[in-house]
Structures are given as C-alpha cells and as structure tokens.
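Novice: generate a structure from the sequence data that follows.
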Amino acid sequence: MIKAKFAVFATALVAASSVQAGGILTNTNQNISFNRNFARDGVIAIDGVYSNPAGVAFLGKGFHLSLNIQNVYQTRTIVSGMNVPAFKGTPYESAFYQPFKLNGGNEDGTKKFRGKASVPILPSFQAALNYDNWGFQLGFALNGGGGKATFNDGLGSFERVVALVPALLAQKGFTTEHPSYSLQSYMNGTQLDFGLQFGTTYRFNEHWAVYAGARFNYIWNKYEGNIVNISASIANNNVKLYDYFGTQANTYSDMAFYYRMRASEMGSDPATQQAYLQKADQCQAASEQMNQTKEQFADKYVDCNQYGWGITPIVGVDYKVGKFNFATRLEFTTHFNIENHTKRDDTGLFTDGVNTPNDLPGLWTVGAQYSILPSLRVMASTHYYFDKDARMANDKQKHLTHNTREYLAGVEWDITKDILVSCGGQITDYGLGDGTAINDLSFVTSSRSFGFGAKFSVAKNMKVNVAYFFTDYKHLKKNYTEDIQGLKVECSDDFTRTNKVLGVGVDIDF
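Specialist: Okay, here's the model as predicted:
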C-alpha cells in the first residue's frame, strides 16, 4: 500500500502571519512641500504641522490651511531561490536539486516574484490657527502604509513547499518522465494607519516657540490570499492533486467494499474469508490515507481584517536667530496591538480575536534652515527612528542591527515673488543586518530619494504646490536554511522596490 503525507499549506502560508505586524517604514510625505524638498524639519511653513509644529507659531496671526493629494505607485520585486542539498550528486539532481526550474524558474534555480502597490488618491491636510502667542493645530494623513500590494503570482515563500511535491511524489513511487508542478497563488494586503494630529504652540518671543500635542493612530489592515489548483506530473500526465488523490481514495474504498463482499461469500472457508477481510482493512486504511493526503492539496483561503489604535505624544521646539532657523521634535514610541477579525482562515494562522504587537517607532528630528539671500535658502535635517524599541510580531525588532537613520538636504529659490522652485534629497539607512527581520511579504531596503517641484501664487492668499519624487532602493540579499517536509532547503531572497509619487496641494491663508 502507498502511504503518502504532504503537509503543504501550513508551511506555505506561514509567512502571511508575519505581515500582521507593521514594518519599520513611516510615511513622512504628508505634504506636497515635502515631496519637492525633503528637509522640512527646520522650515517655517504650514506643512510644519507635521514636520516642524513649533515653527508654525511664527506664521503670524490668522488661520492657515493646506490641502494635499498624492498619487503613489510602487513595485516590490523579490528574486527567490531554493536548493535541496540532499539531491546533489544523486540521480534526482537534474530534476529536484533546484525545483523552481520545474515551474518556470531560471537556470540558476531562482524565480522572480513581483508585486504592485498603488494609491490613486492619498489625501492629507494641515491647519493652524494662530493668535498673538498661542496657536492651535490640526492635521490628518496616512502616517504609515496607505497602499494595496498585490502579488498575482504569489510569492517564493508560498511556492517553495509546493516546489518539493514532485520530489516527494517520486520518493513515494509516483514516477513520471518529465517532473513538473504548477499552482495558482494570490496575495493582497492593505495596510492603513490613519493619523489625526492635534496640538498647541506657544511663542515666547521673536526667537523661541514650543509645541505639545498628540497623534491618534487608527490601524486597519486587510489580508486576502489563496493557494489553489496544485498540480503535478504523475505518469506523464499533469493532474490536479486534490482530484487525483480523491480518485485514489474512492478506488481503495471500492476495493475494500469488494473484498468485504467476497468475504461474506466465504462463510464455509474461514481462512479465505479472513484473507479477504484483511485485504479489505488494508484497502480501507489506504483510502483513509489518500483522503488525508487529498486534503493537504485542497484549495486554501485567508480573509482577515485587523484593527487597532494608539496615541503618540509629540513635543517640539523652534529657535529663530538672524538668517538661521533651528528646530527639533520628538515623537514617542506608540505601544499597542492589533486584533484579528477573521472571516476565513484555512491555515490556522489568523485565529479570530488574536492580538499581535504593532508598535509605531518613535522619531527624533533635528533640522535647520539658512537664508543665503532673501530669495535663496538651504536646509538640512536628520531623522532617527527608535525601531528597536517598537515591538513587532515574533520580536523581529531584536534582529535589527541599529535604528533607522535618515539624512536630508534641500534648497529653495524664489525665482519671482510668485514662483518658487525647490529640490531635495534623502538617504535612508535601515539596520536590517542579514535580513532576518524582513520577508517577502513585508520588507523595505535602504534607499536614496530625490524630489523636485514648485510653488505658485495664484491669489493674494493662495499658493499651489506641485511636486514629484522617486526613490532608488538598494538590493538586500538574504540567505537562510529551512526545514521543509523533512528536507534541508537552502533559500535565498533578493529584495528591492521602486517608488514614484506625484502630488498637488493648495495652501490658503485667511
């Protein structure tokens, strides 16, 4: 009798659990002014409600409002590989040593998986009401996430387990001349962190101003995924394995029924009757085994929403002197969990009601601006994120080698009293180390960004900002081993991304 067991899906979808926790990426593009010049942390303007809230106190009396819309497009590319050392130097080497080759993989045993994320409309606003010394502010933006990432062809973490099925079939006696496998896999993830910020400023004099406030964060994540139609070649025919093992189970069940019928006819021959009953029991056991194996290849689905909230305290200081302006702000680490609200989970990984750590890292910024001429200004700033203090699922933060650091610089030039142009750059350095803290469902890599744009006066109290920026991400290669189906598998992932943002905004003074 053939006894085969393939525990496929519990491993194939295990990576999905890792996206329950937020990453170490925070959205700082909350105003179009930032998109054209990233170093806004020492600038006095209405977008300072986010980047330099203390400096907003120097805008003057009255009501100031900024409305912004951005269009964001991203791609996420992972080149995944897998080698099975157990097959090296064996008759199985050409077929099973680098199993991604059996389903469209490259000659080096790797396969490319690509996801797309887009946000057609990403809104935000900042508002401030200033009196002589006191000021009050309100801002709204997506402080993290904000996009829907879709992998229409699945991911390497999904496919690795399925890629071993032809080898497992061969070991169990299911031979074929040309081994192959196929599957349909899909993953869609949406992560939204809505941030509503409010605070108060106090201007001591013409040099000093301070800020105290908080941001209310509401998290909404949604994950939908599936692995369906697992197929492999058996006896040179590509078959859907769920149906194939179902047919095998029915065949053995029919054989068990047949042997029991024959046994009932052998009442006068106890020895033959016992032999038939023994065969019937063997066939019934084989039928049950085939049914268990069939269920391992059943279509699997995940549909889970996650919710959570937390409050981020924020303080800031701004100092003006001569042609300089200096500012700093501190956002405290926000500790909170998100809770699963699961509609369907065929994997057992998204249990309804389970809470997972989803802290938002604290942030300390320091920025400065210097006016070279009344019409020409340069600025620089730095960001320091407290990622290692922010809890993630499975304590991933412990694998970071250092906290995230960003370095920003920019320049603004008033071509005329009605036209301003600016540009800026940003370097982001994540402490990802060997990549243990990331996987193919949720990852970032260190990067360099460049933005440019302009501001136009269209009325006495109204200005329009337009800007574009893009990010050049580095590659991060992760090498690791996994135990899959009792086999040691050498895995690799090469991560990179692209990011392009186009935006327009309106600033109004009342």
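Novice: shaky segments in the protein?
Specialist: 1-25, 145-148 (pLDDT under 70).
Novice: show me where the stretch 51-200 of the chain has helices.
Specialist: With DSSP state H, counting those that start in this stretch as the definition, the stretch 51-200 of the chain shows helices at residue ranges 93-96, 156-163, 165-171.
Novice: got the phi and psi for residue 45?
Specialist: phi -170, psi 170 (degrees, to the nearest 10).
Novice: check residue 257 too.
Specialist: For residue 257, the backbone dihedrals are phi -60, psi -40 (criterion: degrees, to the nearest 10).
Novice: what's near enough to touch it?
Specialist: If you count contacts by CB atoms under 8 Å, 6 or more residues apart in numbering, residue 257 has them with residue 280. For every residue, glycine as well, the C-beta is placed using N, CA and C.
Novice: same question, residue 409
Specialist: 38-39, 378-381, 424-425.
Novice: what about it, helix or strand, and which?
Specialist: With secondary structure defined by DSSP states H and E, residue 409 is part of strand 402-414.
Novice: and that strand, what's buried?
Specialist: Neighbour-count burial for strand 402-414 flags 403-404, 406-414 (criterion: 16 or more other CB atoms under 10 Å).
Novice: listing partners with orientation, what would you give for it?
Specialist: According to DSSP bridges, the neighbouring strands of strand 402-414, each with its direction, are strand 376-385 (antiparallel), strand 419-431 (antiparallel).
Novice: contacts for the first one?
Specialist: In other words, strand 376-385. Contact with strand 376-385 is made by 24, 26, 28, 37, 39-43, 361-372, 403-414, as judged by CB under 8 Å, 6+ apart.
Novice: dump it to CSV, restricted to CA.
Specialist: Written as CSV, here are the backbone C-alpha positions of strand 376-385 (Å, rounded to 0.1, in the frame of the first residue of the first chain):
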residue,chain,number,x,y,z
LEU,A,376,17.6,81.7,-1.7
ARG,A,377,17.5,79.2,1.2
VAL,A,378,19.2,76.0,2.0
MET,A,379,18.2,73.5,4.7
ALA,A,380,19.3,70.2,6.2
SER,A,381,17.9,67.8,8.7
THR,A,382,18.2,64.3,10.2
HIS,A,383,15.7,61.7,11.4
TYR,A,384,16.3,59.0,14.0
TYR,A,385,13.7,56.3,14.4
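Novice: how many neighbouring residues does the residue lying closest to residue 74 once chain neighbours are set aside have?
Specialist: In this structure, residue 74 finds its nearest non-sequential neighbour in residue 117, 4.3 Å apart by CB to CB, 6 or more residues apart in numbering. Residue crowding around residue 117 was assessed by other CB atoms under 10 Å; the count is 21.
Novice: beta partners of residue 117?
Specialist: For residue 117, the beta-bridge partners are residue 74, residue 149 (DSSP bridges).
Novice: that one reaches residue 149, doesn't it?
Specialist: Yes - in this structure, residue 117 sits in contact with residue 149. The criterion is CB atoms under 8 Å, and the distance is 4.1 Å.
Novice: list residues touching both of these two?
Specialist: Common neighbours of residue 117 and residue 149 (criterion: CB under 8 Å, 6+ apart): 74, 76.
Novice: residues contacting residue 279?
Specialist: Residues counted as contacts of residue 279 (CB under 8 Å, 6+ apart) are 255, 259.
Novice: which strand or helix spans it?
Specialist: Residue 279 is part of helix 270-296 when elements are defined by DSSP H and E.
Novice: okay, buried residues for that helix please.
Specialist: When burial is assessed from 16+ other CB under 10 Å, helix 270-296 yields the following buried residues: 273, 276-277, 279-280, 283-284, 286-287, 289-291, 293-294, 296.
Novice: out of the residues you listed, who's nearest residue 58?
Specialist: Relative to residue 58, the closest of the buried residues of helix 270-296 is residue 296; by CB to CB it sits at 65.8 Å.
Novice: against residue 113, how distant is the closest one?
Specialist: When CB to CB, to the nearest Å is applied, the distance between residue 296 and residue 113 equals 23 Å.
Novice: ditto for residue 357
Specialist: From residue 357 over to residue 113 (counting by CB to CB), the distance is 27 Å.
Novice: that older thread, okay if I get the strands paired with strand 402-414 as TSV plus distance to residue 334 and mean neighbour count?
Specialist: Converted to TSV, the strands paired with strand 402-414 look like this (distance: least, CB to CB, whole Å; neighbours: other CB atoms under 10 Å):
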stretch	distance to residue 334	mean neighbour count
strand 376-385	12	20
strand 419-431	19	20
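Novice: Serialize the ones you listed to a markdown table and add fields for distance to residue 477.
Specialist: Shown next, in a markdown table, are the strands paired with strand 402-414 (distance: least, CB to CB, whole Å):
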| stretch | distance to residue 477 |
| --- | --- |
| strand 376-385 | 23 |
| strand 419-431 | 14 |
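Novice: quick one: which of the ones you listed is nearest residue 89?
Specialist: Across the strands paired with strand 402-414 (criterion: CB to CB), the nearest stretch is strand 419-431, sitting at 39.2 Å.
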